[in-house]
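**Student:** A structural model of the following input is requested.
(one chain, ligands or ions: 1)
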Amino acid sequence: MTIIEFRDVYFRYNEEQNWVLRNISFSVNAGDSIAIIGHNGSGKSTVAKLINGLLVPQAGDILIDGERVTEQNIWEVRQKAGMVFQNPENQFVGTTVRDDIAFGLENRGIPREEMIKRIERSLNEVGMQDFALHEAHYLSGGQKQRVAIASVMAIQPEVLILDEATSMLDPVGRNEIIKTIQHLKDERNITFLTITHDLSEVTLADRTLVLKEGKLVTDTTPRELFAQVNDWESLGLTEPFTTKIANELEKYGYKFSSHPLNHEELMNELWTYNLKK
Ligand SMILES: Nc1ncnc2c1ncn2[C@@H]1O[C@H](COP(=O)(O)OP(=O)(O)OP(=O)(O)O)[C@@H](O)[C@H]1O
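**Tutor:** Alright, predicted model coming up:
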């Protein structure tokens with residue numbers, strides 16, 4: 001079932017501006033996991049805000065769960081897609097973790113009993129159940145982002161969007177978020193979009209959309225992308241170490257059965273290659 005559909009979408013923030021998004025078309029099936037990548041200013045966050053009903057396109061159609069997004073129904077759209085942003089410090093409104101999650105639910109008029117259940121469930125899902133009464137202010141960056149994810153999950157969206165949500169975290173925090181996302185994908189079969197410059201997040205996605213100057217230039221699997229790309233800089237990414245080594249080895253005559261996406265795959269390929277020799 002298609003949950004997100006963009007049909008020839010154009011968007012700009014004001015009339016003096018050039019189009020920020022031009023002729024964007026793609027669709028996402030429910031339960032899919034999509035990475036959106038591209039250089040700074042290529043339009044990634046704008047795509048996310050359109051999915052989340054924070055913006056409405058000037059031309060073209062966006063359908064969320066089969067319904068066309070208009071100025072009139074953006075509140076319903078916001079229920080369907082929840083967003084977590086870049087800065088962990090800016091995500092809190094309440095004093096304690098529990099208050100923080102409750103805030104979004106109160107705004108939506110969720111009854112108290114139901115609110116308690118949802119807070120408990122969403123904190124469990126992100127592994128933060130022991131922190132309900134902690135002051136958000138004292139949490140680590142990774143923990144703050146996990147609470148931000150729990151706040152969104154408590155609304156029970158169909159789509160979870162992370163807009164560079166790991167970019168300000170240290171490797172430990174980043175790992176926490178990656179594990180949390182994998183857990184959510186397994187448990188809730190949620191549709192998941194991540195805007196990222198981090199290649200380990202890209203490799204976890206089913207599909208990668210590449211934006212360049214407001215246009216969708218590539219819509220493919222991470223594996224295909226890794227095999228095709230030779231200018232990582234132009235995508236706003238640093239060439240992965242694995243790819244660098246694989247390319248160098250190919251120059252020396254190694255033939256990989258498929259292009260290795262990560263360290264383990266590279267090691268396996270090398271191991272099998274040496275056994276075949
Ligand atoms: N509120 C705004 N008003 C006017 N122009 C904006 C606004 N927000 C973004 N833009 C412009 O729209 C274009 C796309 O921005 P967007 O934030 O979608 O890109 P991005 O790919 O997410 O970039 P980054 O990786 O830097 O976050 C940029 O040229 C940006 O300057």
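**Student:** what about the protein, any weak spots by pLDDT?
**Tutor:** 273-277 (pLDDT under 70).
**Student:** nearest residue to the middle of it?
**Tutor:** Thr194 (1.3 Å; C-alpha atoms, centre = their mean).
**Student:** secondary structure class for that residue?
**Tutor:** Applying DSSP: H, G, I helix; E, B strand; the rest coil to Thr194 yields a three-state assignment of strand.
**Student:** next up, the contacts around it.
**Tutor:** When contacts are counted by C-beta atoms under 8 Å, 6 or more residues apart in numbering, Thr194 is found next to 33-36, 161-162, 165, 181, 201, 205. Heads up, the C-betas are built off the backbone N, CA and C, glycines and all.
**Student:** and which of those residues is nearest to the ligand?
**Tutor:** Nearest to the ligand out of the contacts of Thr194 is Ile36 (C-beta to the nearest ligand atom; 8.4 Å).
**Student:** tell me which helix or strand comes right after the strand or helix carrying Phe103.
**Tutor:** According to DSSP states H and E, Phe103 maps onto helix 97-107. Downstream of helix 97-107, the next assigned helix or strand under DSSP H and E is helix 112-125.
**Student:** just the CA trace of the helix or strand following that next one, in CSV.
**Tutor:** Using DSSP H and E, the helix or strand that directly follows helix 112-125 along the chain is helix 141-154. Output in CSV follows, covering the C-alpha atoms of helix 141-154 (Å, rounded to 0.1, in the frame of the first residue of the first chain):
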residue,chain,number,x,y,z
GLY,A,141,22.3,13.9,23.5
GLY,A,142,21.3,10.4,22.4
GLN,A,143,18.9,10.0,25.3
LYS,A,144,17.3,13.3,24.5
GLN,A,145,16.8,12.3,20.9
ARG,A,146,15.3,8.9,22.1
VAL,A,147,12.8,10.9,24.2
ALA,A,148,12.0,13.1,21.2
ILE,A,149,11.3,9.9,19.2
ALA,A,150,9.1,8.6,22.0
SER,A,151,7.2,11.9,22.0
VAL,A,152,6.5,11.4,18.3
MET,A,153,5.7,7.7,18.6
ALA,A,154,3.2,8.4,21.4
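**Student:** for helix 141-154, packing partners?
**Tutor:** On a contact count with 3 or more C-beta pairs under 8 Å, 6 or more residues apart in numbering; DSSP states H and E, helix 141-154 meets strand 81-84, helix 97-107, helix 112-125, strand 159-163, helix 171-188.
**Student:** try it again at 6 Å.
**Tutor:** Applying 3 or more C-beta pairs under 6 Å, 6 or more residues apart in numbering; DSSP states H and E, one finds that helix 141-154 contacts strand 81-84, helix 97-107, helix 112-125, helix 171-188.
**Student:** between the two ends of stretch 182-197, how far is it?
**Tutor:** 18 Å (C-alpha to C-alpha, to the nearest Å).
**Student:** buried by neighbour count: which residues of it qualify?
**Tutor:** For stretch 182-197, a neighbour-count test (16 or more other C-beta atoms under 10 Å) marks 184-185, 188, 190-197 as buried.
**Student:** do stretch 203-222 as well
**Tutor:** 203-205, 207-212, 214, 216, 218, 222.
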